[in-house]
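[1] all I have is the shape, not the residue letters:
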Ligand code: PEP
Ligand code: MG
């Protein structure tokens, strides 16, 4: 299999019926970077910047952040990289961060963009490091756990202020700046219109979105298997996001664990995703599936399944049948 994946690496990433798809990888530390070439990923769809903070003994200084981001961009060598601003709080605690209190429900608590908008010094420092590291290149940033579009606007204000600050001091700025939001909180599903117009791209964080949609703790093994993301309600939600992106011309991608399993990646393509981001080791198996996939046939099957919902619709079984029939 390993040999097959290596051969596949240099083949174009497109379905059997010729639809191109971007397979991106998730990363978070400098040690992940060699995987970019090894996996054949089209870029880094999710760079989890909080990992640098989690392995450090104190807040990484702006210079250390800048150094890491520059290293990432150099390793990517022109391939797109999406940096997610720090997603700390919740289950990602920094022992040296004194502002955090005990929380009954950390997943629903003071985390990610909520925390960094309340501590704008943290966000400003990170944005400065990103802007400097990406001087002369494109910079893509995305915000985790957005709940209201106004949070995007607040973050954009902070970015704009940093851009003005750096340009006043004569720094080389990014050639282009793209700001995206992660769709992880269900409230965004009723603000898709405003959201799609307020950002340059969106990325579905399916781990958190599924957790919140089904009210099921993503870390609780007791209930981990109870509800299936490959189900009518969740796939309808994902399809709705893709459609809203199409309507407003806003690129949509997905970077949760769902993207990394061939069967669920198939479902994602079936509801319209053309870009997904996953652990580097998943790219070979997903690409092997994709190259054999008659996507337009699958899309029809998915449309029917999502339209005729009955309690007995088993999407996972349907996908498995489809895969067996066409392999
Ligand atoms: C997600 O929630 O799907 C996601 C990609 O972010 P994380 O797993 O880091 O919370
Ligand atoms: Mg998340």
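    In hand now; what should we look at? Nothing here was measured: the structure is a model prediction, and the numbers come from that model. Ligands and ions are numbered 1, 2, ... in the order given.

[2] chain center to the host helix or strand of residue 319: distance?
    Element membership of residue 319, judged by DSSP states H and E, is helix 315-325. Taking Cα atoms, centre = their mean, to the nearest Å, one finds the center of helix 315-325 at 26 Å from the center of the full chain.

[3] cool, stretch 305-324 as well?
    26 Å.

[4] which residues does it contact?
    With Cβ atoms under 8 Å, 6 or more residues apart in numbering as the test, stretch 305-324 has contacts from 228, 230-232, 235-236, 239, 262-263, 266-267, 270-271, 289, 297-298, 301. (Glycine included, C-beta is placed from N, CA and C.)

[5] endpoint to endpoint, it covers what distance?
    For stretch 305-324, the separation between the terminal residues is 18 Å (Cα to Cα, to the nearest Å).

[6] show me what counts as buried in that stretch.
    Buried residues in stretch 305-324, defined by neighbour count with 16 or more other Cβ atoms under 10 Å: 305, 306, 315, 318, 319, 322, 323.

[7] before we move on, what about stretch 118-137?
    Those would be 122-135, 137, for stretch 118-137 by 16+ other Cβ under 10 Å.

[8] thinking again about what came up before, could you give me the average pLDDT of the helix holding residue 319?
    For helix 315-325, mean pLDDT is 95.

[9] from the centroid of the chain, which residue is nearest?
    The residue lying closest to the centre of the chain (Cα atoms, centre = their mean) is residue 255, at 3.2 Å.

[10] in a markdown table, list the buried residues of stretch 305-324 along with distance to ligand 1.
    A markdown table is the format used below for those (distance: Cβ to the nearest ligand atom, whole Å):
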| residue | distance to ligand 1 |
| --- | --- |
| 305 | 24 |
| 306 | 21 |
| 315 | 20 |
| 318 | 24 |
| 319 | 20 |
| 322 | 25 |
| 323 | 24 |
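
[11] identify the farthest-apart pair in the residues you listed.
    Using Cβ to Cβ, the buried residues of stretch 305-324 reach their maximum pairwise distance at 306 and 323, which is 17.8 Å.

[12] which bits of the stretch 151-300 of the chain sit near ligand 1?
    184, 205, 206, 207, 208, 255, 256 (Cβ under 6 Å from any ligand atom).

[13] and for residue 233, the neighbour number?
    If you count neighbours by other Cβ atoms under 10 Å, residue 233 ends up with 12.

[14] for the host helix or strand of it, packing partners?
    Residue 233 belongs to helix 232-248 when elements are defined using DSSP H and E. Packing partners of helix 232-248 (3 or more Cβ pairs under 8 Å, 6 or more residues apart in numbering; DSSP states H and E): helix 192-198, strand 201-204, helix 206-213, strand 252-254, helix 295-307.

[15] for ligand 2, find the nearest of these.
    helix 206-213 (3.7 Å; Cβ to the ion).

[16] about what we covered before: got the residues of the stretch 151-300 of the chain next to ligand 1 as a markdown table, with pLDDT columns?
    Formatted as a markdown table, these follow (pLDDT from 0 to 100):
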| residue | pLDDT |
| --- | --- |
| 184 | 98 |
| 205 | 98 |
| 206 | 98 |
| 207 | 96 |
| 208 | 97 |
| 255 | 98 |
| 256 | 95 |
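
[17] what residues does the stretch 151-300 of the chain have near ligand 2?
    205, 208 (Cβ under 5 Å from the ion).

[18] let's go with 8 Å and repeat that
    182, 184, 205, 207, 208, 256 (Cβ under 8 Å from the ion).

[19] might one say that the fifth one is in contact with residue 147?
    So that's residue 208. No - look at residue 208 against residue 147 with Cβ atoms under 8 Å: they stay out of range, at 11.4 Å.

[20] lowest-pLDDT helix or strand in this protein?
    Of all helical and strand segments in the chain, the minimum by mean pLDDT, DSSP states H and E falls on helix 2-9, at a mean of 87.
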